[in-house]
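In: What shape does this take:
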Amino acid sequence: MRTLYLDCQMGAAGDMLTAALLELLPDPDKFISELNALGIPGVAFEKKTVVKCGITGTQISVTVNGAEEESADVCLPGTDAHEHIHGHDHGHGDEHVHDAECGHHHHDSEHGHHHHGGEHGRPHGHHHSSIQEIGHIVRGLPALPGHVQDDIMAVYGLIAEAESHVHGVPVSDIHFHEVGTMDAVADITAVCLLMDRLSPDEVVVSPVHTGSGQVRCAHGILPVPAPATAHILQGVPVYGGSIRGELCTPTGAALLKYFAGRFGEMPVLKPFAIGYGMGRKDFEAANCIRAILGETDVPEDEICELSCNVDDMTGEAIGFATERLFAAGALDVYTVPVGMKKNRPGTLIHIMCRKAQREDVIRAVFRHTTTIGIRENLLRRYVLERRIETVETPYGAVRRKVSFGYGTERRKYEYDDICRIAEEKKISFSEALSLINELK
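Out: Here you go, the predicted structure:
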């Protein structure tokens, strides 16, 4: 199985993830040319080789209209134009002063980075992009496959939902500030397109180093990780460590959360490509994300198939027995009509369960069916990995089951959520499903 492992011992940011994944490709320069040909308004990608702690890796820079951007903030209604909420930080690991989130990031002058509205001469608060406007930008890139566009907007949705939760305003009232917006679109687009190009069957991410300490913003002192980052990383194994500063940005957190199949230690794999994506600041530890692409053996999944024949149970009794078998630990129960002795019609009951639940299931079969004998087969099975995503829609949150592996990915909306929409809108199930599908 093709497995991608992301080693986030120095946190994560969009540019670092882009650089690490880029090194896994056989022709990184060609991919950079493809990114620059996408037509993201004003955006140009550039890669360079840097060395940190003796490790050679790639660093990505993004310029917008010839100027290097530093952040993509989001603005709340009613706030001053200079009070923005943090949406993206391109300068991973640098010292920051946060405005509002609080996070418009002003990097130290020693790094040589400046914001628009300073020497580049563009005023600081003249335009803000809503999530819908960002959607128009992304959907307006014809060279991007539709499913990659979906991935980009889903990542942006995680960031917007986090900001909405932290600041207590609807997602529709979150607006990303123009300064850095295209930079963030560029980073997220690059990572999503790289993940599509690499097509791993499984993505495993290490526990995430968030950094520690505090950041100063217009409204006071905030802890690291910043509130939006912390919200996105709920359910993810994280640690603060001894490095003072913000190592994991909201954009980095959202990309990890969206693409990770699971979080944990590096699995046993045979690597065939390793990439290092470098941050900008130097620490005692190498400031990089390491991406390892390799093959893992498909774990054997052995299950028990139990079966029995009955010819003296009603449909209702079999239905009740089925419920009890699931309660006892069965993975699947299904029936097949069969002809039995003396030409009597009967039912063949099949039960799938893991070895650990076999005894409990056998007891339930004998208790709730009329059989006097059970047959057993040990089977190997191959299954797709599964995860549940939550998609924010105008009709409320909708859960989506994603199954992936063996070069295949399938997505299916949760039945109960589609039913809820159908009931609320007083429409049919198929009409409700069409409403959700039209949002792509």
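In: Would you quantify the distance from N437 to T408?
Out: 20 Å (CB to CB, to the nearest Å). C-beta here means a position set from N, CA and C on the backbone, and glycine is covered the same way.
In: partner residues bridging E202?
Out: With beta bridges defined as DSSP bridges, E202 has these partners: T3.
In: how deep is it tucked in, by neighbour count?
Out: 18 (other CB atoms under 10 Å).
In: G213 too?
Out: 13.
In: which phi and psi does it have?
Out: Note on G213: its backbone torsions stand at phi 90, psi -150 [degrees, to the nearest 10].
In: give the contact list for the closest residue to it other than its chain neighbours.
Out: Closest residue to G213 apart from its sequence neighbours, by CB to CB, 6 or more residues apart in numbering: R244 at 4.0 Å. Going by CB atoms under 8 Å, 6 or more residues apart in numbering, R244 touches 211-213.
In: of these, closest to V138?
Out: G211 (29.4 Å; CB to CB).
In: so what's that closest one closest to, chain neighbours aside?
Out: Nearest to G211 is L247, by CB to CB, 6+ apart, at 3.6 Å.
In: In this structure that neighbour contacts G213, no?
Out: No. Assessed by CB atoms under 8 Å, L247 is found out of contact with G213, at 10.4 Å.
In: Find the centremost residue of the protein, please.
Out: Centroid-nearest residue in the chain: Y258, 0.4 Å away (criterion: CA atoms, centre = their mean).
In: and it, helix, strand or coil?
Out: Here Y258 is helix, with the state taken from DSSP: H, G, I helix; E, B strand; the rest coil.
In: Report how many residues lie close to the closest residue to L439 other than its chain neighbours.
Out: Counting by CB to CB, 6+ apart, T393 is the residue found nearest to L439 once chain neighbours are left out, at 5.9 Å. Other residues lying near T393 total 15 when counted by other CB under 10 Å.
In: wait, T393 sits on E438?
Out: No. In this structure, T393 is not within contact of E438 by CB under 8 Å, at 10.2 Å.
In: any idea of the mean pLDDT in whichever strand or helix holds L378?
Out: L378 is located in strand 375-381, with elements delineated by DSSP states H and E. For strand 375-381, mean pLDDT rounds to 91.
In: Tell me the strands beside that strand, with direction?
Out: strand 301-310 (antiparallel).
In: burial measure for E376, as a count.
Out: Neighbour tally, E376, other CB under 10 Å: 11.
In: Who is it paired with across the strands?
Out: Those that pair with E376 in a beta bridge, by DSSP bridges, are L306.
In: Isn't it up against C304?
Out: Yes. In this structure, E376 is within contact of C304 by CB under 8 Å, at 6.0 Å.
In: any residues in contact with both of these two?
Out: In contact with both E376 and C304: R358, using CB under 8 Å, 6+ apart.
In: Poorly predicted segments of the stretch 151-300 of the chain, please.
Out: Scanning the stretch 151-300 of the chain with the threshold set as pLDDT under 70 gives 172-180, 217-219, 298-300.
In: which residues of it fall in helices?
Out: 181-198, 227-232, 250-259 (DSSP state H, counting those that start in this stretch).
In: Pick the most deeply packed of those helices.
Out: Highest mean neighbour count of those: helix 250-259, a mean of 27 (counted as mean count of other CB atoms under 10 Å).
In: which residues are in contact with that one?
Out: 6, 8, 11-14, 16-17, 72, 86-89, 92, 151, 154-156, 158-159, 162, 184, 187-188, 191, 195, 203, 205, 208, 225-226, 228-229, 232-233, 236, 389.
In: Can you select the buried ones from those residues in PyMOL?
Out: Selection command for PyMOL covering only the buried members of the contacts of helix 250-259, criterion 16 or more other CB atoms under 10 Å:
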select buried, resi 6+8+11+12+13+14+16+17+72+86+87+88+89+92+151+154+155+156+158+159+162+184+187+188+191+195+203+205+208+225+226+228+229+232+233+236+389
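In: quick one: which of the contacts of helix 250-259 sit in strands?
Out: Among the contacts of helix 250-259, the ones falling in strands (DSSP state E) are 6, 203, 205, 208, 389.
In: In JSON lines: these, plus distance to G264.
Out: Listed next are the ones in strands among the contacts of helix 250-259 as JSON lines, based on distance: CB to CB, whole Å:
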{"residue": "L6", "distance to G264": "11"}
{"residue": "V203", "distance to G264": "11"}
{"residue": "V205", "distance to G264": "8"}
{"residue": "V208", "distance to G264": "12"}
{"residue": "E389", "distance to G264": "20"}
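In: I'd like to know how far the residue nearest to G213 sits from P223.
Out: When R244 is compared with P223 (using CB to CB), they lie 12 Å apart.
In: So what sits opposite G294 in the bridge?
Out: T3, P271.
In: what residues are up against it?
Out: For G294, the contact set (CB under 8 Å, 6+ apart) comprises 2-3, 5, 269-273.
In: Over to L293?
Out: 2-5, 24, 198, 200, 271-275.
In: Same check on I289?
Out: 6-8, 10, 12, 16-17, 19-20, 276-277.
In: and which of these is nearest G57?
Out: Nearest to G57 among these, counting by CB to CB, is Y276 at 3.0 Å.
In: Give me the nearest residue to that closest one, chain neighbours excluded.
Out: Per CB to CB, 6+ apart, closest to Y276 is G57, 3.0 Å.
In: and that neighbour, how many neighbours?
Out: 23.
In: now do A273
Out: Count around A273 with other CB under 10 Å applied: 15.
In: wait, isn't it in contact with A20?
Out: No. The pair A273 / A20 is not scored as a contact, 10.6 Å apart, by CB under 8 Å.
In: just to revisit the earlier point, take the helices of the stretch 151-300 of the chain and write them to CSV, including distance to M352.
Out: Formatted as CSV, the helices of the stretch 151-300 of the chain follow (distance: least, CB to CB, whole Å):
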stretch, distance to M352
helix 181-198, 33
helix 227-232, 37
helix 250-259, 31
